[in-house]
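J.: predicted structure and sequence below. I'll ask about it afterward.
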Amino acid sequence: MKQKQRTQVVSNAKYLRSVRPIDPDEIFEYVDGQPHPAVVRQVLREHAVELGIVEAGDGTFVPASDDPISTTFHGVKAFPAAYAERLEDRIVGQYGPGWPNGEGGDVLRHTIRKLKEDYFAQNPVEYDEVAALAYAVYHLPDYYASTQYVFADMLRHGLVSEHTRILDVGAGTGGPALGIHDLFPEDALVDYHALEPSESADIFEHMLAETRDTFRTTVHRETAEDFQPSETYDVVLFSNVLSELEDPVSVVRKYEKHLADDGSIVAIAPADRNTSIGLRQVERTVEDGLSVWGPAVRIWPGFKPEDEGWSFDVKPDLEVPPFQAQLDRAGGGYGEFENVDVQYSWTVLRTDDKQRLDIDPNINLYARMNEMEKHVTKRIDLLAVKLSHSLSDGDSHQLFRIGDGSERIDHYGVRTKETSLNAPLADADYGDLLIFENVLVLWNDDEEAYNLVVDGKTTVDSMPA
């Protein structure tokens, strides 16, 4: 179809969308040359995001709903085979079909080692073509999975509508975008803007080349600091990028101004100590203008935590993707180049006052963590959010980080005697609300933290988030 005809289809659709369902069998008559309705239908599909329309069961097109997206997400077992093949096509195009055992494999293994060294040394990284490809090999699967887990939680709570605009700041090689694409239903309209100035943008475009028409991607090859948004976004995503910004707080504040009235800033970071704590520091600095939806819910209004804040979630390992297995096997088979752990820190910040947990605490019933020094050696009742999986080894008492949003010092729930009445401390999911009754408060001098001792006299209930 010629551009003039395409423009006429879009123009007619813009007029009709507010009047009645758009029928390709009708509007083809108003287009020069009267192209076949099937051609008109395809043009409408290609412009669905721009027009804000979805295809109905009867073949007409109607305005997209602003209802929240629903999900039946059950976790991520593996990086999809189609994406694995697409990435390997890119590697083969660069290094040839024998890449794992040839020069290409050597280059990728060396680059991955260097990326790891620089990361743990907190050195800046320049993502040239080789570094971007190595980064994709090592991180596409776990970024794909962690993003799905975070957004699935948001979808379960109705935070994202069926017609949404997303800005992915530091989009990298496309792991988060692919995860969101596969998580959202096909009838959701997603206008996805990827901000990526490095050579990673080439891989992003390669990996996202065959997304469906209702998921439109636009790549902006600019830095977070230089890019000037001209529209508002329902979600601004910072996936594993805050630690790479010189001034992450100012960047978050910049994009906060471009959020919709019910928008979300989503930040995801690796689970290691430096980046996880760094994410919490950004979260706590910007919450004067935004509300913390979760997971570190502020149970007590008017307070925010001042503890260290190292908190991360852990999900089941992924299956080893074939490109990682091949690279690792050719390098000796020690698992050095297999990255299947799904462990990440995250936060969702809102422009409204929504929280992941609906709590109305009563200071006359429950102690607050910022006053815990008053309760040492006493038994108290307490509300807290579970902020870790078990941190102890198999021979020690179960140990879990907990918080209520007012803590100035680290707090841990320590399960010294296992009973059915305190089992929810272990069984609850990360981010769930825990209700402690008759828990013993002790000061841990070695760790300079409070231990909330859960023994045979303690009852723990949980409220799923």
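T.: Nice, I can see it.
J.: going forward, measure contacts and count neighbours with C-alpha atoms only.
T.: OK.
J.: mind listing the strands for the stretch 151-300 of the chain?
T.: Assigned strands in the stretch 151-300 of the chain, in chain order: 163-169, 189-195, 215-220, 233-239, 259-270, 291-294 (criterion: DSSP state E, counting those that start in this stretch).
J.: out of these, which gets nearest to V314?
T.: Shortest separation from V314 across these is recorded for strand 259-270, at 10.9 Å, computed as CA to CA.
J.: return the set of buried residues in the closest one.
T.: For strand 259-270, the buried set under the neighbour-count rule, 16 or more other CA atoms under 10 Å, comprises L259, A260, G263, S264, I265, V266, A267, I268, A269, P270.
J.: who does that strand touch, helix- and strand-wise?
T.: Other elements packing on strand 259-270 under the criterion 3 or more CA pairs under 8 Å, 6 or more residues apart in numbering; DSSP states H and E are strand 233-239, helix 273-286, strand 342-350.
J.: list the neighbouring strands of it plus their orientation.
T.: Here strand 259-270 is paired, per DSSP bridges, with strand 233-239 (parallel), strand 342-350 (antiparallel).
J.: roughly how far out does it sit from the chain middle?
T.: Taking CA atoms, centre = their mean, to the nearest Å, the mean C-alpha location of strand 259-270 is offset from the chain mean by 9 Å.
J.: quick check: which of the strands paired with strand 259-270 is nearest to E117?
T.: strand 342-350 (19.1 Å).
J.: so which of the strands paired with strand 259-270 gets nearest L452?
T.: Counting by CA to CA, L452 lies closest to strand 342-350 out of those; the figure is 23.4 Å.
J.: which non-adjacent residue is nearest the most centrally placed residue in the chain?
T.: The structure's the chain has its C-alpha centroid closest to T147; by CA atoms, centre = their mean the separation is 3.4 Å. Sequence neighbours aside, P176 is the residue nearest to T147 in space, at 5.4 Å (criterion: CA to CA, 6 or more residues apart in numbering).
J.: would JSON lines of the strands paired with strand 259-270 with mean neighbour count and distance to K374 be doable?
T.: As requested, the strands paired with strand 259-270 are arranged in JSON lines below (neighbours: other CA atoms under 10 Å; distance: least, CA to CA, whole Å):
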{"stretch": "strand 233-239", "mean neighbour count": "24", "distance to K374": "39"}
{"stretch": "strand 342-350", "mean neighbour count": "24", "distance to K374": "31"}
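J.: how about those strands in TSV, adding distance to I69?
T.: Output for these, formatted as TSV (distance: least, CA to CA, whole Å):
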stretch	distance to I69
strand 233-239	13
strand 342-350	17
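J.: in the protein, which segments are predicted with low confidence?
T.: By pLDDT under 70, the weakly predicted segments of the chain are 395.
J.: name the residues that touch stretch 46-65?
T.: Contact with stretch 46-65 is made by 10, 13-14, 17-18, 20-24, 45, 161-163, 187-191, 213-216, as judged by CA atoms under 8 Å, 6 or more residues apart in numbering.
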